[in-house]
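Peer 1: quick check, what structure comes out for this input:
(chains A and B)
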Amino acid sequence: MSNSNEIEITGKQEFTITVYTENRIGILNRIAIIFSRRKINIESLNTSPSEIEHIHRFNILIHETEEVVRKLARQIEKQVEVLKVYYNTNEDIIWQEMALYKVPTDTIAEKVSVERLLRENGARAVVIRKDYTVFETTGHREETDKLIEVLQPYGLIEFVRSARVAIIKDSEGFNRKLREFERREPGEEVIENEFLDKEKNVFSM
Amino acid sequence: MDTAHEETTTLTEPKKTTTVSGSVALLEGLIAEGTDTIFGYPGGAIMPIYDALYDYKEKLQHILVRHEQGGTHAGQGYARTSGKVGVVFATSGPGATNLVTGLADAQIDSTPMVCITGQVFAHLLGTDAFQETDVINITTPVTKWNYQVTDANEIPAVLAKAFYIARSGRPGPVLIDITKNAQLQMFEYEGYTPCEHIRSYRPKPLIRKEYIEQAAALINGAKKPFILFGQGVLLGSAEQEFKAFVEKSGIPAAWTILGAGAIPTDHPLNVGMLGMHGNYGPNVQTNSCDVLIAIGMRFDDRVTGRLDKYAKQAKVIHLDIDPAEIDKNVKADVPVWGDCKETLPLLTALVDQKAHTEWVNEFRAFDKTELETVIHPELNPESGELTMGEVINKLNELTKGDAVIVTDVGQHQMVACRYAKFNQTRSNVTSGGLGTMGFGLPAAIGAKFGAPERTVVAIIGDGGFQMTCQELGTIMQSGVDVKIMILNNRFLGMVRQWQQLFHEKRYSFVDITSPDFVKLADSYYIAGKKVSEREDLVAALEEMLNHKGSYLLEVMVAKEHNVFPMVPQGSSVSEIRLK
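Peer 2: Next up, the predicted model:
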């Protein structure tokens, strides 16, 4: 979660960049080098098919100032196979990460009440075997981190966490936009991030 | 061959008219796109394409370069003078990696090119096969788009897409990597359909009327408006629209080196060159204008100098086709997104007819100072060694500003851009953004093929010439008529200038020796001469220009001469030094 003190000091905060692309070999590299060229670390990256067939959706999490993020978004959108880019602060999105935890079944069974553990941490057991049990939980980083702490004393064998996936609160999805893109002459619909800040008379996305 | 066998062949012939190899489909596609010249170099993985090319000699002229880098620069030169897409062929592995410098140059200077590379058979990809290299990933950062073809069926559509992407919107280089099996593969060819739309690609942003109106209002209210124009005017073929805008608004206009020639050098509202070695007035006035109108230029750091002291007093109007350029370096108060060929007439219609006489005269005052302190001594020295400026000046007098001037990179480039006279557009071919030494000679070859009716003069330093001088072989073999002028100061002059000014004259590895350039040209059967005396200069230039065919003129110029004015790195444009 972004730290408001930090925003004040460095201007940097967490941004989730959502990218709609054609499903094409090499597009991941084209997008990734836009960050690496500027020596910007990608904190987390998820790519998967979107709500529309053949269109992929990237979720990229970075820690940067809004000005940098805006420029990055434009550079990404410039790529031939990218349809649309959005960027959002944590306030604008609903997001989750999924985590899996593998622990020895005997310690879990003997030393803690599995049921209590699951309830307290919003986790569920995915696999229970004689030798090990795999728990799953979804949530924000702090929540999945917390379960690591809880399980560590019981001999946590393995842990894995997915990238962030995020839904934009204000988004109406991409179906209608795609129809605009498919037209030869796109309408206003495809450009919605630009406006002139009438007050400051400064252009911004 | 027995008759029975012949009969079988005849029987299947009707079907063969539509069954072609991937290589043939590629060449047919190039012809359909209007390609007439290819710069290339064969090799193992592109042999099927070259084999097909053997039967297309009448329709497609292939120029055998001496190094693939030369091929890319020739393709760039061709694109710059012709306005068409430059086409380059290279083989896999080293052939493909040799394209990287030219691709990077074309990418940063928005030059439309389609490069075709051969690749190992698809089943060998990733096996470290002979001459295999991952050219798609190597070229991703330096291409507008690239694609690997492994099946001949893809070739027509991919080529169509490549040309469309290369030439539309903000142009740029595209690379298609074709595996050898796809080149050989026979498939049902349905003819060539040019690409007109890609759903994920918007070459031109929507034009917003309200921004045009806001821009016009700012311009109409301005007391000291100032236009900066770049290559966007040329790339959009908007020279007429630009001229109409300048003349109606009466606003003084200054150019980036890639924008040079968009309006003639001697146009009364052309106030000169921007940037580090640009003219005095345009640099200083950037920080005193009230409205800055940037047209098809991207505020490169060599143009802006120190950004936090750049035009802070001015309202900025930025016309650009590439939305990523708006606010990238300089914040725009009014962004005018779009192709300037379309946006400029809309703007012209709304601006008042004006003559900013007093304001234009302020530029003239700066010109007078620059003329006295810099230009006059540079162009008209009465004694001492020849200066680069006087050579360019004499060349102007003889070409009358009608020649295509191709330059390499360094001091001679800045001097040529400063002093060369351009009467028409697409006359200044130079490596701007990347600053690629070695660009000049091969680019001049391409420039001549792109504009065969024009005189092409390549102005090159002794350092840069030695980076690609093997292309003299291309000149020899193709018979192309290029006038080569080497301005020899026996130094890597621009680096030496910086070492003199900013590194206490510690001349670290800038002293460069050269072969006998005239003898070198002679060994390629190219006529040449060397001059070092003032009284021989004009006659030598005349001889070069009047010579039938290529000619190399080596001019010995002052060894330690600096290019001024200069905006030192880290300084503001208004802190420009005259000496």
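Peer 1: and the gap between A:Ile128 and A:Leu151?
Peer 2: Using C-beta to C-beta, to the nearest Å, A:Ile128 is found at 15 Å from A:Leu151. C-beta: built from backbone N, CA, C; applies to glycine.
Peer 1: who's more crowded, the two?
Peer 2: Between A:Ile128 and A:Leu151, counted using other C-beta atoms under 10 Å in any protein chain shown, the more crowded position is A:Leu151 (22 against 13).
Peer 1: let me see the mean pLDDT of the one helix or strand that one maps to.
Peer 2: Per DSSP states H and E: A:Leu151 is located in helix A:141-151. Here helix A:141-151 scores 92 as its mean pLDDT.
Peer 1: who in chain B is up against chain A?
Peer 2: Within chain B, the positions near chain A by C-beta under 8 Å from any C-beta of the partner chain are B:136-137, B:140-141, B:144-148, B:165, B:196-202, B:205-206, B:210-211, B:214, B:322-324, B:326-328, B:331-335, B:337.
Peer 1: residue 149: how many residues sit nearby?
Peer 2: Using chain A here. Neighbour number of A:Glu149 under other C-beta under 10 Å is 9.
Peer 1: chain B, not that one
Peer 2: Residues contacting B:Val149 under the criterion other C-beta under 10 Å number 22.
Peer 1: hmm, it is touching B:Ala182, no?
Peer 2: Yes - applying C-beta atoms under 8 Å, one finds B:Val149 in contact with B:Ala182, separated by 5.1 Å.
Peer 1: secondary structure class for the closest residue to chain A within chain B?
Peer 2: Across chain B, the shortest distance to chain A (C-beta to the nearest C-beta) belongs to B:Ala324, at 4.0 Å. Three-state assignment for B:Ala324 (DSSP: H, G, I helix; E, B strand; the rest coil): helix.
Peer 1: quick one: it and A:Ile76, what's the gap?
Peer 2: Distance of B:Ala324 to A:Ile76, given as C-beta to C-beta: 9 Å.
Peer 1: who has more neighbours, the two?
Peer 2: Between B:Ala324 and A:Ile76, counting by other C-beta under 10 Å, A:Ile76 is the more crowded of the two (22 against 17).
Peer 1: tell me the secondary structure for the residue lying closest to that one once chain neighbours are set aside?
Peer 2: Of all residues beyond its chain neighbours, the one nearest A:Ile76 is A:Val85 (4.9 Å), with distances taken as C-beta to C-beta, 6 or more residues apart in numbering or on different chains. Per three-state DSSP, the local secondary structure of A:Val85 is strand.
Peer 1: and A:Val85, how far is that from chain B?
Peer 2: Per C-beta to the nearest C-beta, to the nearest Å, A:Val85 is found 11 Å from chain B.
Peer 1: tell me which residue of chain A is furthest from the middle?
Peer 2: Farthest-out residue of chain A from its mean C-alpha position, per C-alpha atoms, centre = their mean: A:Glu110, at 36.9 Å.
Peer 1: gap between it and A:Pro104?
Peer 2: In this view, A:Glu110 and A:Pro104 are 10 Å apart by C-beta to C-beta.
Peer 1: pick out the residue in chain A sitting closest to chain B.
Peer 2: Closest point on chain A to chain B, by C-beta to the nearest C-beta, is A:Arg74, at 4.0 Å.
Peer 1: spatially nearest residue to that residue (excluding sequence neighbours)?
Peer 2: B:Ala324 (4.0 Å).
Peer 1: B:Thr19 now?
Peer 2: B:Met186 (5.2 Å).
Peer 1: was I right to think the one you found contacts B:Ile155?
Peer 2: No - between B:Met186 and B:Ile155 there is no contact under C-beta under 8 Å: 12.0 Å.
Peer 1: between these two, who's got more neighbours?
Peer 2: Higher neighbour count among B:Met186 and B:Ile155: B:Ile155, with 27 against 13, using other C-beta under 10 Å.
Peer 1: what mean pLDDT does the host helix or strand of B:Gln183 get?
Peer 2: Taking DSSP H and E as the criterion, the element that holds B:Gln183 is helix B:180-184. Helix B:180-184 carries an average pLDDT of 98.
Peer 1: report the distance from it to the chain centre.
Peer 2: Helix B:180-184 sits 33 Å away from the centroid of its parent chain (C-alpha atoms, centre = their mean, to the nearest Å).
Peer 1: returning to what we had before: which residues are contacting the helix or strand containing the residue farthest from the centre of chain A?
Peer 2: In the assignment (DSSP H and E), A:Glu110 maps to helix A:105-111. Helix A:105-111 is contacted from outside by A:114, A:117, A:128-133, A:154-155, using C-beta atoms under 8 Å, 6 or more residues apart in numbering or on different chains.
Peer 1: and if you look at stretch B:463-473?
Peer 2: Residues from elsewhere that reach stretch B:463-473 (C-beta under 8 Å, 6+ apart): B:65-67, B:69-70, B:73-74, B:408-410, B:437-442, B:445, B:484, B:486, B:491-493, B:512, B:514-515, B:517, B:520-521, B:524, B:526.
Peer 1: gap between the two ends of it?
Peer 2: Using C-alpha to C-alpha, to the nearest Å, the end-to-end distance of stretch B:463-473 comes out at 18 Å.
Peer 1: try stretch B:547-561
Peer 2: Terminal-residue distance, stretch B:547-561 (C-alpha to C-alpha): 30 Å.
Peer 1: can you give me the buried ones in it?
Peer 2: Across stretch B:547-561, burial judged by 16 or more other C-beta atoms under 10 Å in any protein chain shown covers B:547, B:550-558, B:561.
Peer 1: swap in stretch A:99-115?
Peer 2: A:99-105, A:107-108, A:114.
Peer 1: show me the contacts for the residue nearest to A:Arg74.
Peer 2: A:71, A:74-75, A:77-78.
Peer 1: now those residues as JSON lines including secondary structure and neighbour count?
Peer 2: Below are these laid out as JSON lines (DSSP: H, G, I helix; E, B strand; the rest coil; neighbours: other C-beta atoms under 10 Å in any protein chain shown):
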{"residue": "A:Lys71", "secondary structure": "helix", "neighbour count": "19"}
{"residue": "A:Arg74", "secondary structure": "helix", "neighbour count": "20"}
{"residue": "A:Gln75", "secondary structure": "helix", "neighbour count": "19"}
{"residue": "A:Glu77", "secondary structure": "helix", "neighbour count": "20"}
{"residue": "A:Lys78", "secondary structure": "coil", "neighbour count": "20"}
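Peer 1: got JSON lines for those residues, with pLDDT too?
Peer 2: Below are the contacts of B:Ala324 laid out as JSON lines (pLDDT from 0 to 100):
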{"residue": "A:Lys71", "pLDDT": "95"}
{"residue": "A:Arg74", "pLDDT": "94"}
{"residue": "A:Gln75", "pLDDT": "96"}
{"residue": "A:Glu77", "pLDDT": "94"}
{"residue": "A:Lys78", "pLDDT": "95"}
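Peer 1: for B:Phe344, which non-adjacent residue is closest in space?
Peer 2: Slight slip there: residue B:344 is Leu, not Phe. If the residues on either side of it in the chain are set aside, B:Leu344 comes closest to B:Glu241, at 4.1 Å by C-beta to C-beta, 6+ apart.
Peer 1: swap in B:Phe422?
Peer 2: Spatial nearest neighbour of B:Phe422, excluding adjacent residues (C-beta to C-beta, 6+ apart): B:Gly261 at 3.7 Å.
Peer 1: measure B:His547 to B:Gly528 for me?
Peer 2: Using C-beta to C-beta, we find B:His547 at a distance of 9 Å from B:Gly528.
Peer 1: who's in contact with the residue nearest in space to the middle of chain A?
Peer 2: Residue closest to the average C-alpha location in chain A (C-alpha atoms, centre = their mean): A:Arg164, at 3.1 Å. Taking C-beta under 8 Å, 6+ apart, we find A:Arg164 in contact with A:16, A:44, A:46, A:59, A:61, A:95-97.
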